[in-house]
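[1] Only the shape, not the letters, is given here:
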Ligand SMILES: Nc1nc2c(ncn2[C@@H]2O[C@H](COP(=O)(O)OP(=O)(O)OP(=O)(O)O)[C@@H](O)[C@H]2O)c(=O)[nH]1
């Protein structure tokens, strides 16, 4: 929780400056994306890390026995193999946003061991008074620092963790030797470390900005998709989404000879509700009807508000008899419901036309047409009724 809070404040300050609406963004989702970037950046370690270990181990044998150099190389290979396996498991398992913290810990431990192993080398392989050795150690330390700045920056926490052992070594190791040259090297290391941390954090901020924008775009796309397919008043499908679904169901039903039925539902004398109680009450009636229809059908059925006070309900795998039973159940429930809004209340009824897809109806339009005709007949016959044939 504490971690999330600090991350959240970091992100908030970032987005205040970039004018993004971060409050609506999923933080653990962003953290997960950061881990993906981090792991992707380290993918080439597969080749590079063993190669560097091999070269470093070979050079090491100039100053230490070949057995010690070989042992260092072996440990290096094992540690590299371990963290690459963690990365590969991370990629393979395609983790959820909620697992981001857990994976961050696992990666930090596996890769942190690798950084400690390399930083440790700079401690024990240091040869007092041997300038060539010191240049070699300095090359390793600076190389590690630059690589970490470039590759670990997607995750701020992992970047700082990876940097810590190298920075400590870089800034303190030269002080073990006496003289102006080594003191200057230590001072230079401090400056270089500050610069690298600054550059790494800058890269991190830019990547974070990119991830936030990506996340925001994803959410906007989802909202747009939702707006394009959902009726704003009732939350049911709109005509467009219904027609897409219905066309596919008609094809499926014709292909496999499965039954498919359609209910056309219309609120009776709805104009009177608006006229007598006002539009707000009219809207409430539409919402309640939509809710009852949705409650009375299966998850595999599709309810849609086609416009005004007219609804359609498509019932896949359902013949005319079962569709009639469903229609009657909906009609009765609505007739028994008292719709209230503020201090107003009203009883309402609906009329339903039921039709089943047969060889005579070749597409969804002809099925809609048939159900509509039966709905009209139900209205003509006095309303508050179900018409099937
Ligand atoms: N409150 C509200 N009214 C709507 C909405 N959409 C359409 N209407 C109104 O719904 C009414 C529909 O009236 P009509 O088509 O005459 O039908 P009706 O009064 O229900 O009569 P019958 O269908 O013959 O029983 C119109 O007055 C429209 O203005 C809406 O989203 N909200």
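    Alright, I've got the coordinates. On a predicted model such as this, the values are computed, not experimentally measured, just so you know. Residues are numbered from 1 along each chain as shown.
[2] Do you know the pLDDT at the residue lying closest to residue 229 once chain neighbours are set aside?
    Nearest residue to residue 229 in three dimensions, chain neighbours excluded: residue 241, at 3.7 Å (CB to CB, 6 or more residues apart in numbering). All C-beta atoms are positioned from the backbone trio N, CA, C, and that covers glycine. pLDDT recorded at residue 241 is 96.
[3] Assign a three-state SS to the residue of the stretch 251-389 of the chain found nearest the ligand, would you?
    Proximity of the stretch 251-389 of the chain to the ligand (CB to the nearest ligand atom) peaks at residue 282, 2.6 Å away. Per DSSP: H, G, I helix; E, B strand; the rest coil, the secondary structure class of residue 282 is helix.
[4] okay, now it: neighbour count?
    A count of nearby residues for residue 282, using other CB atoms under 10 Å, gives 23.
[5] same question, residue 298
    Residue 298 sits with 11 neighbouring residues when counted by other CB under 10 Å.
[6] tell me the phi and psi of it?
    phi -80, psi 160 (degrees, to the nearest 10).
[7] dump the residue contacts of the residue of the stretch 251-389 of the chain closest to the ligand.
    270, 273, 274, 309 (CB atoms under 8 Å, 6 or more residues apart in numbering).
[8] now do 7 Å
    270, 273, 274 (CB atoms under 7 Å, 6 or more residues apart in numbering).
[9] now, which of those lie within helices?
    In helices, defined here by DSSP state H, the members of these are 270, 273, 274.
[10] Please report which of those residues has the highest neighbour count.
    Within those, most neighbours by other CB under 10 Å means residue 273, with 23 neighbours.
[11] That one and residue 346 touch, don't they?
    Yes: under the criterion of CB atoms under 7 Å, residue 273 makes contact with residue 346 at 6.2 Å.
[12] returning to what we had before: let me have the contacts of residue 282 in JSON lines, adding distance to the ligand as columns.
    Output for the contacts of residue 282, formatted as JSON lines (distance: CB to the nearest ligand atom, whole Å):
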{"residue": "270", "distance to the ligand": "3"}
{"residue": "273", "distance to the ligand": "7"}
{"residue": "274", "distance to the ligand": "5"}
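[13] Redo these as a markdown table? Include pLDDT.
    Below are the contacts of residue 282 laid out as a markdown table (pLDDT from 0 to 100):
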| residue | pLDDT |
| --- | --- |
| 270 | 95 |
| 273 | 93 |
| 274 | 94 |
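[14] can you pull the pLDDT of residue 349?
    pLDDT, residue 349: 96.
[15] Burial check on it, number of neighbours?
    Residues within reach of residue 349, counting by other CB under 10 Å, total 14.
[16] mind listing the helices for this structure?
    Under DSSP H, the chain gives helices at 2-18, 27-41, 45-60, 66-93, 100-124, 131-151, 156-172, 180-229, 239-256, 270-277, 279-295, 320-335, 364-380.
[17] if we compare those helices, which one ends up closest to residue 386?
    Across those, residue 386 has its closest neighbour in helix 320-335 (4.4 Å, CB to CB).
[18] what angle do the closest one and helix 364-380 make?
    Per axes from the mean of the first three to the mean of the last three CA atoms, to 10 degrees, the angle that helix 320-335 makes with helix 364-380 is 50 degrees.
[19] For the protein, which residues score under the pLDDT cut-off?
    1-26 (pLDDT under 70).
[20] can we see that at 80?
    1-27, 361, 389 (pLDDT under 80).
[21] Would you map out the domains in it?
    Here the domain parsing of the chain from automatic domain parsing is 19-222, 239-387.
[22] would TSV of those with distance to residue 232 be doable?
    Formatted as TSV, the domains of the chain follow (distance: least, CB to CB, whole Å):
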stretch	distance to residue 232
domain 19-222	16
domain 239-387	10
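[23] Look up phi and psi at residue 154.
    phi -60, psi -40.
[24] If we ignore the residues flanking it in sequence, what's nearest it?
    Per CB to CB, 6+ apart, closest to residue 154 is residue 37, 3.6 Å.
[25] now that neighbour: how far from residue 109?
    Applying CB to CB, to the nearest Å, the value for residue 37 to residue 109 is 19 Å.
[26] what about these two, which has more around it?
    Per other CB under 10 Å, whichever of residue 37 and residue 109 has more neighbours is residue 37, with 18 against 13.
[27] The nearest residue to residue 144 once chain neighbours are set aside: neighbour count?
    Distances taken as CB to CB, 6+ apart put residue 166 closest to residue 144, at 4.9 Å, once the chain neighbours are dropped. Around residue 166 there are 25 other residues, counting by other CB under 10 Å.
[28] Now the common contact residues for residue 273 and residue 346.
    residue 281.
[29] so how many other residues sit close to residue 262?
    Neighbour count for residue 262, taken as other CB under 10 Å: 27.
[30] shouldn't it be in contact with residue 365?
    No: here residue 262 does not reach residue 365: they are 11.2 Å apart, not a contact under CB under 7 Å.
[31] Show me the residue at the heart of this structure, geometrically.
    The residue lying closest to the centre of the chain (CA atoms, centre = their mean) is residue 29, at 5.6 Å.
[32] what comes into contact with stretch 93-100?
    So stretch 93-100 is contacted by 26, 28, 29, 31, 32, 35, 103 (CB under 7 Å, 6+ apart).
[33] Can you tell me which of these is closest to the ligand?
    Sorting those by how near they are to the ligand, with CB to the nearest ligand atom, puts residue 26 at the top with 33.3 Å.
[34] Measure how buried the closest residue to the ligand within the stretch 51-200 of the chain is and give me the count.
    Closest approach between the stretch 51-200 of the chain and the ligand, counting by CB to the nearest ligand atom: residue 97, at 37.4 Å. Residues lying near residue 97 (other CB under 10 Å) number 14.
[35] Perfect, that will be all.
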